[in-house]
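> Take this sequence and fold it.
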Amino acid sequence: FPLLHSSTLIHSLAHCSSLIHMLMLLLSLIVLILPYPVTGLTGSIAWTSAEYPDIRGATSEQCQANVPPDQNLYICDPDRVLNKSQTTWLNAMLHDLTLSTPCPCQRRSQCSGGLDNDGGPLHGFVVSIAILKNVQMTQHSPSENDLTMRSEGFCKSLEGKWALGDCGNSIIIFVWQHYKKMIIWPARLAERYVTVEERRAILSKVNNLAQGDEWYSALTEVIGSIRRELNGEPETRVDTGTLSLVVSVGVAVSLTIIITLCVCAFRCCGNLKSEDGSVAGNSYLGTVLSC
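Okay, the predicted model is just below:
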């Protein structure tokens, strides 16, 4: 009986060892099949603006977008928040937006379209999408203001890194999936067409979609709204330098006129007093002589 018990135990241990070996092989296969490391799925990997792919550079292949040869790349989704079909459709929408909006630059050469930027159709505003799962943060429990500032800082760095517009005519739509955060970041000239109030209204309109992780629908709505704004009239802005000069000249002229009027008034009053004194003196002298 003891020998039988020992053989059974050895057989059980061997069976467990084979099961453990099979599980290890299965886990290895899963890790190899997955496009990203396991740490990426748990959210431990976070992007910085320096590490994020360059949509026009050597790392553009990491953007995970299928783009036809007659289109530029306008969307970067390295974490595959969207599926390939969705990125293809969104890129086509952004490509069409670029060609259908007016050129806002002073020189037409700054709006030269085409893949080689030589002899292609004129383009207007360049709108792109940067979408990711998480951004590197130092705070463990960031506030809404912290998230906004971090998102805007990320977009500002991408604006300089991607350099999609030649005259400040670019816009970046930024999506931070982990915190359900979306930012519309226009460059200097584009901000006149899509103002702060208009951006707030656009984002408020798609907030429910964003909170439900319906990013394709949300981005489709945002692209359509931005397109309408870009085809409208820009916000009229007063040049503060010119306004200051006009105000200064106006104040100087007003002071000059006031001082001139005061001098004239004092002189007139002085002359009247002199004339009154002369008349009074002559009357007194005439009275004395008559006496």
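> any idea of the mean pLDDT in the one helix or strand residue 253 maps to?
Using DSSP states H and E, residue 253 sits in helix 240-290. The pLDDT scores in helix 240-290 average 64.
> got it, and stretch 97-105?
Rounded mean pLDDT across stretch 97-105 is 92.
> buried sites along it?
For stretch 97-105, a neighbour-count test (16 or more other Cβ atoms under 10 Å) marks 97-98, 101, 103-105 as buried. (Each C-beta comes from the backbone N, C-alpha and C, glycine too.)
> what do you get for stretch 158-170?
Here stretch 158-170 shows 158-159, 161-162, 164-165, 167-170 as buried, counting by 16+ other Cβ under 10 Å.
> and if you look at stretch 62-75?
Buried, per 16+ other Cβ under 10 Å, within stretch 62-75: 62-65, 67, 71-75.
> Which two among those are spaced furthest apart?
By the measure Cβ to Cβ, 62 and 71 form the most distant pair in the buried residues of stretch 62-75, at 17.9 Å.
> Helices along this structure, start to end?
Along the chain, the stretches classed as helices by DSSP state H are 2-33, 38-41, 84-100, 144-162, 196-205, 207-211, 215-230, 240-290.
> can you tell me which residues contact residue 106?
Residue 106 sits next to residue 167 when contact means Cβ atoms under 8 Å, 6 or more residues apart in numbering.
> Looking at the buried residues of stretch 62-75, which is nearest residue 136?
residue 62 (16.6 Å).
> so who does residue 173 touch?
127-130, 182-185, 219, 222-223, 226.
> would TSV of those residues with pLDDT be doable?
TSV is the format used below for these (pLDDT from 0 to 100):
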residue	pLDDT
127	97
128	97
129	98
130	98
182	98
183	97
184	98
185	98
219	98
222	98
223	98
226	97
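> Out of the residues you listed, grab the one that's most surrounded.
residue 127 (29 neighbours; other Cβ atoms under 10 Å).
> and the nearest residue to it once chain neighbours are set aside, bridged to which residues?
Leaving out its chain neighbours, the residue that sits closest to residue 127 by Cβ to Cβ, 6 or more residues apart in numbering is residue 171, at 4.6 Å. Residue 171 has these beta-bridge partners by DSSP bridges: residue 127, residue 186.
> Counting neighbours, what do you get for residue 171?
28.
> my guess is it contacts residue 184, does it?
Yes: between residue 171 and residue 184 there is a contact under Cβ atoms under 8 Å: 6.6 Å.
> quick one: common contacting residues for these two?
With Cβ under 8 Å, 6+ apart, residue 171 and residue 184 have common neighbours 194, 226.
> of all the contacts of residue 173, which comes closest to residue 137?
Distances from residue 137 to the contacts of residue 173, taken by Cβ to Cβ, are shortest for residue 183, at 15.0 Å.
> Next, the contact list for the closest one, please.
148, 151-152, 155, 172-174, 176.
> and if we set it to 7 Å?
Counting by Cβ atoms under 7 Å, 6 or more residues apart in numbering, residue 183 makes contact with 151-152, 155, 174.
> now do residue 162
54-56, 128.
> Let's see that with 10 Å instead.
Going by Cβ atoms under 10 Å, 6 or more residues apart in numbering, residue 162 touches 52-57, 76, 126, 128, 130, 170, 172.
> How many neighbouring residues does residue 58 have?
Other residues close to residue 58 by other Cβ under 10 Å number 8.
> any weak-confidence spans in the stretch 51-200 of the chain?
Applying pLDDT under 70 to the stretch 51-200 of the chain flags residues 113-120.
> redo that, cut-off 50
For the stretch 51-200 of the chain, the stretches with pLDDT under 50 are 114-118.
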